[in-house]
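Trainee: Dropping the sequence and predicted coords here.
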Amino acid sequence: MLVMHTVIAIAAVVLLIIKFKIDPVISLVLGSIYLGLAGGVGFPGTVEAITKGFGNIMSSVGLLIGFGVLIGSLLHTTGAFTKMVRLLLKAFGPTRIPYGLALALATVLPSIYVDVQVVLAAPVARQASKHMGRNGLALMAGALGIGIFSGYVFVVPGLSAISIAGLMDISLGKYLLFGIVVGPLTAFLTVLLFQQLLRFGWWNPEKDEEESEALLEAEANALAAREDDSVRTPPLAVSLLPILVPLVMIAFGAFAELFEFTNQFIDFIGNANIALFVGLLMAFFLSRRTVGADAANAAFSDGLQTSGEILLVTGIGGSLGAVIKATGLASVLGGMFSADAGAPVVVSILLAWFIAAVLHLAIGSVSVAAITAAGIVAPLLGQMDVNPVVVGLGIASGSLFALHVNSNFFWMFKSLLGLSTQGSLKTMTTVTTIGSLISLPMVIGLGLVV
């Protein structure tokens, strides 16, 4: 019954938003209340889960979203994203930019924190989409989504990749050796298939794009701030420092923890909130130097307005996730799975994939699904006649499956890319489903030869 109520709640949220045009905030709260009461959490427990879920999401990603949006708004005034898009156009051409972005996110910049990646990469995707025609925003959004999560689950130091390897006692070197093949290949093939889907009429900009006035106004004001011919914008390498420095700080902190040479100071500078604040300071002073104090302050104010809308929807998305957690659904699902002794390779991989996919569909978090699935499967490895690294990759593949409305990332993605809920389902949910299904036969193939 609990699984059924969860399905009803999620389906109701989607239906209210898409069919009846109810605002996502109202729809998500209604879905959370229904699931809490129907799932046995009770009246006080439902209210507590909703409020604490909102607070927990804000405490973990609230500053990241705020700082990231402000960095983006300020860097627009310096021409950083326009210059980056020109560089991508020169390097790849307009038809290949999505592939370049997806592969970069899946290899060079694998996601330690997906929330950081999306707030920093979204402006680049939006700018590039303007050079690509009617389906440009859809294709860039899909490329961004699958690039981020392919790196996140398959490529070290992606957080899910590290977690799976640790829980299943797989050496990071071995996981990386296989993941660096599966991850980028998954991203590339997903973008290729998604592009074909768009050519068959999958996308309708009038219904699938829903750019907020605040987002459009912030970009327009940033463009106006630098239109004066006398304004000299800094070189691209300098303009990108507010993005690159935080990523380096975060990566350094992650590797320090991984190789156990960390201390309190390294933990401090490697903290994502501190790193993005450093990036914000750099972006603010760079913007002031480029366009002057008044224009920089105006861009900052625009960023505050934009981030407010994103924060509210993201927080409420976290509330639904918290109610799902409060129902104990993960434990119920975990108890349903078992493995027979001596299960063949293909069955073992399919089992690992299926557990992670079901958990992700229900819980709404790629990392939680991967970690929970790894915890369920790890004790069964002795009964499986298959290489543990392949089982781990099967879990990674399954945890990608169909990211949708019960994920706070979904709502961040929607707001930052300027998409409707339907458009987000057509991009984020679609590419993660394709990526999960594409990577599964690759993992099975590896399992049969290693």
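Mentor: Arrived safely, thanks for sending. Numbering: from 1, shown residues only.
Trainee: tell me which element residue 311 falls in.
Mentor: With elements delineated by DSSP states H and E, residue 311 resides in helix 293-326, which encompasses its position.
Trainee: elements contacting that helix?
Mentor: With contacts defined as 3 or more Cβ pairs under 8 Å, 6 or more residues apart in numbering; DSSP states H and E, helix 293-326 has these neighbours: helix 2-18, helix 24-38, helix 43-57, helix 63-78, helix 213-225, helix 272-291, helix 345-363, helix 408-417. C-beta here means a position set from N, CA and C on the backbone, and glycine is covered the same way.
Trainee: Between these, which one is closest to residue 105.
Mentor: Of all these, the one in closest proximity to residue 105, counting by Cβ to Cβ, is helix 408-417 (13.2 Å).
Trainee: Just the C-alphas of the closest one, formatted as PDB.
Mentor: Backbone C-alpha positions of helix 408-417 (Å, rounded to 0.1, in the frame of the first residue of the first chain) are rendered in PDB as follows:
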ATOM      1  CA  ASN A 408      14.900  18.800  -5.300                       C
ATOM      2  CA  PHE A 409      17.500  18.800  -8.100                       C
ATOM      3  CA  PHE A 410      14.700  18.500 -10.600                       C
ATOM      4  CA  TRP A 411      13.200  21.800  -9.400                       C
ATOM      5  CA  MET A 412      16.600  23.600  -9.400                       C
ATOM      6  CA  PHE A 413      17.200  22.400 -12.900                       C
ATOM      7  CA  LYS A 414      13.700  23.600 -14.000                       C
ATOM      8  CA  SER A 415      14.200  27.100 -12.600                       C
ATOM      9  CA  LEU A 416      17.800  27.600 -13.600                       C
ATOM     10  CA  LEU A 417      17.300  26.500 -17.200                       C
END
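Trainee: packing partners for that helix?
Mentor: Identification of packing neighbours for helix 408-417 by 3+ Cβ pairs under 8 Å, 6+ apart yields helix 114-129, helix 136-154, helix 293-326, helix 421-424.
Trainee: now that helix, how far from the centre of its chain.
Mentor: Relative to its chain's centre, helix 408-417 lies at 8 Å (Cα atoms, centre = their mean, to the nearest Å).
Trainee: which residues touch it?
Mentor: For helix 408-417, contacts defined as Cβ atoms under 8 Å, 6 or more residues apart in numbering pick out 24, 57, 61, 65, 69, 114-115, 118-119, 122, 125-126, 137, 141, 144-145, 212, 215, 309-310, 313-318, 321, 364, 366, 403-405, 419-421, 423-424, 427-429.
Trainee: so it versus helix 114-129, what angle?
Mentor: Direction vectors for helix 408-417 and helix 114-129, defined by axes from the mean of the first three to the mean of the last three Cα atoms, to 10 degrees, enclose an angle of 30 degrees.
Trainee: how about helix 408-417: buried residues?
Mentor: If you call a residue buried by 16 or more other Cβ atoms under 10 Å, then helix 408-417 has these buried ones: 408, 409, 410, 411, 412, 413, 414, 415, 416, 417.
Trainee: What is the distance between stretch 431-442 and the centre of its chain?
Mentor: Using Cα atoms, centre = their mean, the mean C-alpha position of stretch 431-442 is found 16 Å from that of the whole chain.
Trainee: Residues in contact with it: which ones?
Mentor: With Cβ under 8 Å, 6+ apart as the contact definition, stretch 431-442 has outside contacts at 142-143, 145-146, 149-150, 154, 182, 185-187, 189-191, 193-194, 349-350, 353, 357, 393-394, 396-398, 400-403.
Trainee: Can you tell me how far residue 409 is from residue 278?
Mentor: Here the distance between residue 409 and residue 278 works out to 24 Å (Cβ to Cβ, to the nearest Å).
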